[in-house]
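Visitor: Prediction below, plus the sequence it came from.
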Amino acid sequence: MPELPEVETVKNYLSEKILNKKVINTKVLNAKLRWPINSKGIRGIKGQTIQKVTRRGKYILLQFNDSILTIVIHLGMTGIVSFKEVGKYKKQKHDHLLLYFDKFLLIYNDVRKFGSIHITKKLSNMFLLKNLGPEPTSASFNIEYLINISSKRKCSVKELIMNQKIVVGIGNIYATEALFLSKIHPGTFANEVTKSQYKKLIKNIQLVLSRAISMGGSTIKDFVNAEGKPGYFSQELLVYQKKYCPIHKKNLISNIKISGRSSFFCNKCQTL
DNA sequence: CGAAAAACCTGGCAGC
DNA sequence: TGCTGCCAGGTTTTTC
């Protein structure tokens, strides 16, 4: 489900709600996720206060006052974080984890179980985080970096920018939109994209992500933020799951599979 | 080795 | 009403 703008939206609300709050109790209702939840480890945060709520790529990080402890959350495709007043909570299908605070509890629900929750003592060594590429808005995600790394790859440019080891946060929606804005065919070999195209692509990735964040992300089907509200950037999408090109009005949007993922593009705007 | 396909899951929808 | 097949904001693991 969620890419960087959706995760950022969830993280921001989470921060508003639980920063500096103490975890009174924890409950693992269903440990089965992408990896099993370490129930014993989670119990260890009882009595601890949340000192920091941050994001790295598509991961949400909750850091505790025992500063070595961090909960690492990935929402997978269908992970949803929500809150309920204590006493009004009723277990729902696919609820996995509860964190009780003073007057409310946090609920992690995940229909497809592709998400994950880890508790770690050494964040810098955490296996899911240590090989991640730069944030797309950081200075290290620049033209020299992208030219250098793409020259060694023969995958498509779409696969390149969706590879979290190369740059984090970009998934199927925003890769599709950024490539359209940059007039680059998604199937172009990464090492055949020109320098000026890559310059545009960097700019458009940053543009589309920041605009999406400002609108609370995109809801195609399931996504809701931690307040239960959808993201409004869906209305701004230009090609993802669209029928016609917004520029060549009568031209049908093409949909091809690139490494198993639907890839939408306009064959007049984006030529190979 | 790298690239492609399968795997992990559930639910909704189209078509017969 | 079923049943079948396909689809979905992701990522790891297996296979070729």
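Guide: Received, thanks. Numbers count the residues shown, from 1 in each chain, chains lettered A, B, ... in the order given.

Visitor: got any ranges where chain A has weak pLDDT?
Guide: Within chain A, the segments meeting pLDDT under 70 span A:1.

Visitor: Now the longest helix seen in it - C-alpha only, PDB.
Guide: Ordering each helix of chain A by length in residues (DSSP state H) puts helix A:195-214 first. Extracted C-alpha coordinates of helix A:195-214, given in PDB (Å, rounded to 0.1, in the frame of the first residue of the first chain):
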ATOM      1  CA  LYS A 195      22.000  12.600 -18.100                       C
ATOM      2  CA  SER A 196      19.500  15.300 -18.900                       C
ATOM      3  CA  GLN A 197      16.700  12.800 -18.500                       C
ATOM      4  CA  TYR A 198      18.100  11.700 -15.100                       C
ATOM      5  CA  LYS A 199      18.300  15.400 -14.000                       C
ATOM      6  CA  LYS A 200      14.600  15.800 -14.800                       C
ATOM      7  CA  LEU A 201      13.800  12.500 -13.100                       C
ATOM      8  CA  ILE A 202      15.400  13.500  -9.800                       C
ATOM      9  CA  LYS A 203      13.600  16.800  -9.900                       C
ATOM     10  CA  ASN A 204      10.200  15.200 -10.700                       C
ATOM     11  CA  ILE A 205      10.600  12.400  -8.000                       C
ATOM     12  CA  GLN A 206      11.200  15.200  -5.500                       C
ATOM     13  CA  LEU A 207       8.300  17.200  -6.800                       C
ATOM     14  CA  VAL A 208       5.700  14.400  -6.900                       C
ATOM     15  CA  LEU A 209       6.700  13.100  -3.500                       C
ATOM     16  CA  SER A 210       6.600  16.500  -1.800                       C
ATOM     17  CA  ARG A 211       3.200  17.400  -3.400                       C
ATOM     18  CA  ALA A 212       1.800  14.000  -2.300                       C
ATOM     19  CA  ILE A 213       3.000  14.500   1.200                       C
ATOM     20  CA  SER A 214       1.300  17.900   1.300                       C
END
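
Visitor: residues near whatever residue of the stretch 51-200 of chain A ends up closest to DNA strand B, how many?
Guide: When distances are taken as C-beta to the nearest atom of the strand, the stretch 51-200 of chain A reaches nearest to DNA strand B at residue A:112, 3.4 Å away. For the C-beta atoms, the positions are set from N, CA and C on the backbone; glycine is no exception. Residue A:112 has 14 neighbours, counted by other C-beta atoms under 10 Å.

Visitor: try the one 5 residues further on
Guide: Using other C-beta under 10 Å, residue A:117 is surrounded by 25 other residues.
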